[in-house]
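**Q** Next one to model:
(one chain, ligands or ions: 1)
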Amino acid sequence: MATDRLLEVNALDSRYGALQALFAVDLRVAEGETVAIVGANGAGKSTLLKSIMGLIANRADQIRLRGQPIGDLPAYRIALLGVTLVPEGRRLFPSLSVEENLLLGGRMKRPGTWSLGAVYTLFPALRERRYHRAQALSGGQRQMAAFGRALMANPCLLLIDEASLGLAPLVVKDLYAALPRIRAAGTSLVVVEQDLTQALGISDRVYCLQEGRVALHGRPAEFSRAALSQAYFGAA
Ligand code: ATP
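**A** Numbering: from 1, shown residues only. Coordinates of the predicted model:
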C-alpha cells in the first residue's frame, strides 16, 4: 500500500514492567519529514524511540511502518525494514576503528545510497580518522561516527536520541548541518532533542511530551514559545 505516511504511532502505552512510561501517544511521520520530539527529563522521549525501534514490545498495530504493523517485532526485524537508531551516548565499539564501527552498521546490506564513501563525504573528519580507534575521537566525532554507523544500514527512518548532549554549540551546529543532507538522500528523521531552539530550527513538526503524554504538537510556526514552554515544563 503506497502511503506518504512513513510512521504511525497509535495510542501507544509503553511500560517498563509495572511502570507505565507512555500514555496514548499518537505520532505521525510523513516520507521526507524531520520530526522533533522535545520534553523535560523523564518525559518519555527515549521510551518512544525504543518502542519504535522494537526495544520495548508493544501491540503490533500500535506502530506501523508504511502501513505494516511492527509494534511487536524485535529490533533486528525493524532494523531490516529500514529503521535505525543513533542511541543516546553513541554506543560505539571503543576499541574498534572508525571504519570497523561503520562497517558493522552496514552488515545488513540494505540497498541504498549510503556507503563508506558517502559517510566520509558527509563527515570528512571521519575519513581523516578512519583507522583511529573510536575511543580516540572527540565527542563530536564520536557522534558523527554514530550517525554514520546508523546511515550505513540505508535507513528509510533514522531515530536520533539527544545527539547534542554534552557537545559544544559549534559542534552541534556542524552535526545538525548534516541533517538536511541526510534527508535529501531519502531518509526521514525523528530527532529527540532537549534544546527547544535546536528542535524548532531543524524540524518540520514538533511533538512535546510531558509525563508520558503528548502535550502539544504541530509546526514550529503554529505555536508561541510560551505555549511550547508550558507544554514542556507543565503548570508553574
Ligand atoms: P531523558 O531526557 O532524561 O533521557 P526521557 O524523556 O528520554 O528523559 P525516558 O528515559 O523515556 O525519558 O523515561 C520515561 C520514564 O520511564 C521515566 O519515568 C523513567 O524513569 C522511566 N524509565 C526509563 N527507562 C527505564 C527502565 N529501563 N526501567 C524502568 N523505568 C524506566
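
**Q** Could you give the number of residues near the closest residue in space to residue 57 that isn't next to it in sequence?
**A** Residue nearest to residue 57 in three dimensions, not counting chain neighbours: residue 72, with 6.0 Å by Cβ to Cβ, 6 or more residues apart in numbering. C-beta coordinates here come from the backbone N, C-alpha and C atoms, glycine included. Using other Cβ atoms under 10 Å, residue 72 has 14 neighbouring residues.

**Q** which stretches of this protein form helices?
**A** In the chain, the helices defined using DSSP state H lie at 45-53, 75-80, 98-105, 116-122, 124-128, 139-151, 169-177, 179-184, 196-202, 225-233.

**Q** Make JSON lines out of those and add mean pLDDT and mean neighbour count.
**A** Formatted as JSON lines, the helices of the chain follow (pLDDT from 0 to 100; neighbours: other Cβ atoms under 10 Å):
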{"stretch": "helix 45-53", "mean pLDDT": "95", "mean neighbour count": "24"}
{"stretch": "helix 75-80", "mean pLDDT": "92", "mean neighbour count": "15"}
{"stretch": "helix 98-105", "mean pLDDT": "86", "mean neighbour count": "21"}
{"stretch": "helix 116-122", "mean pLDDT": "94", "mean neighbour count": "17"}
{"stretch": "helix 124-128", "mean pLDDT": "91", "mean neighbour count": "15"}
{"stretch": "helix 139-151", "mean pLDDT": "91", "mean neighbour count": "24"}
{"stretch": "helix 169-177", "mean pLDDT": "87", "mean neighbour count": "15"}
{"stretch": "helix 179-184", "mean pLDDT": "92", "mean neighbour count": "15"}
{"stretch": "helix 196-202", "mean pLDDT": "85", "mean neighbour count": "18"}
{"stretch": "helix 225-233", "mean pLDDT": "84", "mean neighbour count": "15"}
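
**Q** right, so of these, which gets closest to the ligand?
**A** Nearest of those to the ligand, taken as Cβ to the nearest ligand atom: helix 45-53 at 3.2 Å.

**Q** and the biggest strand by length in the chain, C-alpha only, in CSV?
**A** Longest strand of the chain, by residue count under DSSP state E: strand 5-12. Provided in CSV are the C-alpha atoms of strand 5-12 (Å, rounded to 0.1, in the frame of the first residue of the first chain):
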residue,chain,number,x,y,z
ARG,A,5,2.7,8.2,6.0
LEU,A,6,6.0,6.5,6.8
LEU,A,7,5.5,6.0,10.5
GLU,A,8,2.3,5.9,12.5
VAL,A,9,2.2,5.5,16.3
ASN,A,10,-1.3,4.9,17.6
ALA,A,11,-2.4,5.2,21.2
LEU,A,12,0.9,3.8,22.4
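
**Q** In JSON lines, list the helices of the chain along with distance to residue 34.
**A** Converted to JSON lines, these look like this (distance: least, Cβ to Cβ, whole Å):
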{"stretch": "helix 45-53", "distance to residue 34": "15"}
{"stretch": "helix 75-80", "distance to residue 34": "20"}
{"stretch": "helix 98-105", "distance to residue 34": "21"}
{"stretch": "helix 116-122", "distance to residue 34": "16"}
{"stretch": "helix 124-128", "distance to residue 34": "22"}
{"stretch": "helix 139-151", "distance to residue 34": "14"}
{"stretch": "helix 169-177", "distance to residue 34": "10"}
{"stretch": "helix 179-184", "distance to residue 34": "6"}
{"stretch": "helix 196-202", "distance to residue 34": "6"}
{"stretch": "helix 225-233", "distance to residue 34": "17"}
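
**Q** export these to CSV and tack on distance to the ligand?
**A** Compiled in CSV, the helices of the chain are given as follows (distance: least, Cβ to the nearest ligand atom, whole Å):
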stretch, distance to the ligand
helix 45-53, 3
helix 75-80, 15
helix 98-105, 23
helix 116-122, 26
helix 124-128, 26
helix 139-151, 16
helix 169-177, 16
helix 179-184, 20
helix 196-202, 13
helix 225-233, 11
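
**Q** I am finished for the moment; much appreciated.
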